[in-house]
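K.L.:
The amino acid sequence is not available; the structure is as follows:
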């Protein structure tokens, strides 16, 4: 096998299984701390809720909407990470050690 074939067929699957939990954790931290590509970060979301609640005098509605949006984003990221971890773990697919 060539070096790229060796990397993608042998080394990467073994490393991916060990690295995925840490990468998922880092992704969650990035999601909470910054705006990630086109995903709205927590600071921007809460700022918009603050501005909207100031103009309508109904802060609970906007903060609750912001909380549900944020909860949805983190839940999707958590589910995606769990699915990738399950797919990369040979024990969960029925293989025996």
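P.N.:
Yes, it's here. Treat the numbers as computed from the prediction; the structure is a model and nothing was measured.
K.L.:
CA only for contacts and neighbour counts going forward, please
P.N.:
Fine.
K.L.:
Apart from its neighbours in sequence, what residue is nearest the most centrally placed residue in the chain?
P.N.:
Closest residue to the average C-alpha location of the chain: residue 77 at 2.9 Å, with CA atoms, centre = their mean. Computed as CA to CA, 6 or more residues apart in numbering, the closest residue to residue 77 that is not its neighbour in sequence is residue 28, at 7.1 Å.
K.L.:
isn't the one you found right up against residue 74?
P.N.:
Yes. Using CA atoms under 8 Å, residue 28 is in contact with residue 74, at 7.0 Å.
K.L.:
hmm, which helix or strand of this protein has the shakiest average pLDDT?
P.N.:
When each helix and strand of the chain is scored by mean pLDDT, DSSP states H and E, helix 42-56 comes last, with a mean of 80.
K.L.:
Report all helices and strands that that one contacts.
P.N.:
helix 12-33, helix 59-88 (3 or more CA pairs under 8 Å, 6 or more residues apart in numbering; DSSP states H and E).
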